[in-house]
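I need the structure of the sequence given here:
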Amino acid sequence: MTGKIVVGYDASPSAKRALDFALDAALANGSGLIVAHVLEWSPYTFLTKEEIEERHARRNMELARAEEAILKPAVTGLGAKGVTVETVSRFGNIAEVLAKIARDQKAEQIIVGRTGHSGLTSRLFGSVAGSLAQAAPVAVTIVP
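Numbering: from 1, shown residues only. Alright, predicted model coming up:
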């Protein structure tokens, strides 16, 4: 396999385990990694033009901050292990955006960590991992 693996990453302990798992898979299969961070961002359609412009500027600042504070530290040194690594940061619904990244990049797999939500909360609202497993165009691995 010489494809790509998308890893959902948010610097949580489960995301770090997912990245380690993805690194092992990439090394074993000769795959590249796309480490993706998605910031939830709800669209407000009732804002004024000025508020929308300000919100857009804040989005860009938050994406840049996520790249520096979350993604860059996560991938430092991975290239030295012989894996091609790209980073992507986007806004939107996490499951939908990760599925879109996988589709656009022609990835062969998505790997995410399980956040540990259980019980009533996940039954009412669902989990990112569960939503992704249903919506993804490729295989999804959920790392505990």
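
was I right about residue 129 contacting residue 143?
No. If you go by C-beta atoms under 8 Å, residue 129 and residue 143 don't touch, sitting 9.2 Å apart. Using the backbone N, CA and C atoms, a C-beta is placed for each residue, glycine as well.

report the set of residues contacting both of these two.
112-114 (C-beta atoms under 8 Å, 6 or more residues apart in numbering).

among those residues, which one has the most neighbours?
The most crowded member of the shared contacts of residue 129 and residue 143, judged by other C-beta atoms under 10 Å, is residue 112 (29 neighbours).

chain neighbours aside, what residue packs nearest to that one?
Counting by C-beta to C-beta, 6 or more residues apart in numbering, residue 8 is the residue found nearest to residue 112 once chain neighbours are left out, at 4.0 Å.

gap between that neighbour and residue 89?
Per C-beta to C-beta, to the nearest Å, residue 8 is found 11 Å from residue 89.
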